[in-house]
Each structure stands twice: as structure tokens, then as C-alpha cells.
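Participant: Give the three-dimensional model of this entry:
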Amino acid sequence: MLRLEKRPSPSRFWQYATPLLAVVLTMIAGGIMFALLGKNPVEAMRTIFWDPLFNAQFASYSRPQLLVKAGPLILIAIGLSLGFRAGIWNIGAEGQYIMGAILGAGVGVAFYPAEHWVIFPLMVVAGALGGWLWAMIPALLKTKFNTNEILVSLLLVYVAQNVLASMAVGLLRNPEGGGFPGSRNLSKYPSAANLDLIPGSGMHWGVVAAFVAVIAAYVLLQRHMLGFQIKLAGQAPRAARFAGVAPSRLVVLCMGISGALAGLAGLFEVSGPAGQISIDFNVGYGFTAIIVAFLGRLNPIGILLAGLLMALTYIGGELAQFMLGLPAAAIQAFQGMLLFFLLAVDLLTNFRVRLGAKREVA
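Facilitator: Prediction:
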């Protein structure tokens, strides 16, 4: 008979081992799923995890794409992790990502065809502002009316998606696009383009911002009073109040930071890899970043590694669809398994698995 026994304190070993165990279990379950679809599971895993990095036929394209895909995931996940650590659950980063892209692209389109170095910095500010403003809606509703930030932020994603569709066929539609939905291609507009800093490397300003966010978050959590307050609020809310931490201020601050970083990710994507506002601009980075944040144990360095791993599943998944004929839904299910197994095995951090019935103490 199996039973769970509460640990006196969380296990540091399992805290860091569970992400690795979750990856292994995901590969096993994913292999079974691929086998049921009639594909060779070993070949599928090799195509997803090995070929993008070490197969000479694909590596020249895949390696730069690893940074391109990882940049927005890491940037969004860093912002989310600060709130999650404090017990503030911003699940609507996808909406903030969209709104940052819309406002940032709007600034670029408004200046077209002017050429000036200040245009792209203004787009960056507008992108961060767009994400911040969208995050302030659930933050202020939480602090003023005690609403549930999970539901409000999540529902606002669908509002943002409709705003995106409206902009693609309305205000931001390219007047020279022959009536097709979508804005001008910003990547072809030099003053608004987020191009590779080193040609062919995939290293654009969004990737740089992601690395800067990792460093800044690490310093904040380890060396700054705000980082201490964030950790204390998540671990011991009552103690945090006695220590003078204002819950409302923390909600606004954490939601604002995560919204601004998500908005920046949207701006860097729309001005670079995506190139334009379109109806299908959003590809789920805001939701996938939640997996990245938890897989990285809400630690900035862990998020950096988890973001690179998740980006690898994106690139390898696309390669597997092309080379092996795997359906896109199977790749999405494979990515979702990672969060499922992570949450499942995370139980081992706080509980021991014991054999036999519980002994009663006289």
C-alpha cells in the first residue's frame, strides 16, 4: 500500500531533481504517444532534441532559431516568475504580449516612411507600456475589488485576440496590401526593424533583453529588498504583512513588471521574426512561458535553461512535423505533458512516498 507522508521541510534535492524527472517522464510518455501514432519513438525523439543542434543538414538554420524562439519565452517567464513567487497569478501574459505588439507596431506604422534612430526606441517604450497597461486591469481590479487575477487576466487574453484581429483588418492594415489583413512588414522598414545584431546568429534586441532580464531578476531576488519581500510574501503572507509588506503595492508592482516584459516580448517579435501584425500573430508564447517559469523553478538561471529547452521542442517539433509527418496537435500535447508531469512529480518536494499502512502512535 502506497501512502504520502508530509516532509518536515521541502526537500532541496527533489526541488532541483523534479524538473529533470519531468523531462524524462515526458520523453517516455511522448514516445508512447508517437508509437501509437505509428511513428518510431526513438527517431521522433532524435528529430526533436538532437537533429536541430547536431545534424549538419539542419543545424545552420536551427541553432539561430533557438535564440529567436527562446527570447520571448525567457522574457515573459522572468516577469511571470516574480509574481508567482509572491503568490500573484498572472495567467494572461498572452494578452499582454499581444497588446505590447499592437502598441509598438502602431508607433512604427505611424512614423512610416520616416527614417530616424529614435523610432525603434519609441516602439520599445510603447510595447512595454502596452503590456503594462493591459496587466494593470487585473491588478487594479484585484486591489480595489478583490477580484480573482487568474480569471480576469485569462479572460483578457480573448479580448486582446479580438483587438488584434480588429487591428489587422482595420486601423493597422497595410494600405498597399491589396486588401489582405495585416500591417506593413516592419522588418523591411529599417527604422522599425529588429534585425539580427550579428547576421545569421538569431541574436536580436529581444534576445539581449531576455538575458538582461535574467541578470536583473537574479540580482533583484538575491540582493534587493524588493526581492526579499516578493519571496516572503509567497512563503509566509502573514509574516510579510507584519514585516511591512503592502499586498496591494506588491500586486501592482509584480503584475506591472510581468505585463511590461510580456509587452516587450511582443514588440520584439512583431518588429523582428514575425514582421507584422496579423490575425494569427500570437503563437502561444504567453501560455508556454508559464511552463518555462515552473520548469525553471521560478529561478532566473533555471528559466534561462528551461526557455532554451522549450525553444528546442518548438524547433524540433516543427522539424518532426516536416520530416516524420507528425501532426501539430501531437507536438502541442508533448509540450503540455511537460507541465503535467512537472506538477505531478513536484509532489515529491513536500511529500515522501511510503510503503505500508500508517502506524498509529499510542
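
Participant: Any idea how many residues pack against Leu37?
Facilitator: Residues lying near Leu37 (other CB atoms under 10 Å) number 14. In short, each C-beta sits where N, CA and C put it, glycine included.

Participant: what's it in contact with, if anything?
Facilitator: Neighbour list for Leu37: 326-327, 330 [criterion: CB atoms under 8 Å, 6 or more residues apart in numbering].

Participant: Top of these by number of neighbours, please.
Facilitator: Highest neighbour count within the contacts of Leu37, by other CB under 10 Å: Leu326, with 23 neighbours.

Participant: SS state for that one?
Facilitator: coil (DSSP: H, G, I helix; E, B strand; the rest coil).

Participant: ok, and the closest non-adjacent residue to it?
Facilitator: Nearest residue to Leu326 in three dimensions, chain neighbours excluded: Ala320, at 4.7 Å (CB to CB, 6 or more residues apart in numbering).

Participant: what helix or strand does the residue most central in space within the chain sit in?
Facilitator: Of all residues in the chain, the one closest to the mean position by CA atoms, centre = their mean is Ala289, 2.0 Å from it. In the assignment (DSSP states H and E), Ala289 maps to helix 285-295.

Participant: name the helices or strands packed onto that helix?
Facilitator: helix 56-85, helix 93-111, helix 247-270, helix 300-324, helix 328-345 (3 or more CB pairs under 8 Å, 6 or more residues apart in numbering; DSSP states H and E).

Participant: try it again with 10 Å
Facilitator: helix 12-36, helix 56-85, helix 93-111, helix 149-169, helix 247-270, helix 300-324, helix 328-345 (3 or more CB pairs under 10 Å, 6 or more residues apart in numbering; DSSP states H and E).

Participant: Format these as TSV; extra columns: mean pLDDT and distance to Asp196.
Facilitator: Formatted as TSV, those follow (pLDDT from 0 to 100; distance: least, CB to CB, whole Å):
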stretch	mean pLDDT	distance to Asp196
helix 12-36	91	30
helix 56-85	92	8
helix 93-111	96	18
helix 149-169	96	26
helix 247-270	96	12
helix 300-324	93	16
helix 328-345	89	26
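
Participant: Tabulate those helices (CSV), appending distance to Val125.
Facilitator: Formatted as CSV, the helices and strands packed on helix 285-295 follow (distance: least, CB to CB, whole Å):
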stretch, distance to Val125
helix 12-36, 35
helix 56-85, 16
helix 93-111, 8
helix 149-169, 19
helix 247-270, 9
helix 300-324, 24
helix 328-345, 32
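
Participant: Relative to Leu140, which of the ones you listed is closest?
Facilitator: Closest approach to Leu140 among the helices and strands packed on helix 285-295 is made by helix 247-270 (7.3 Å; CB to CB).
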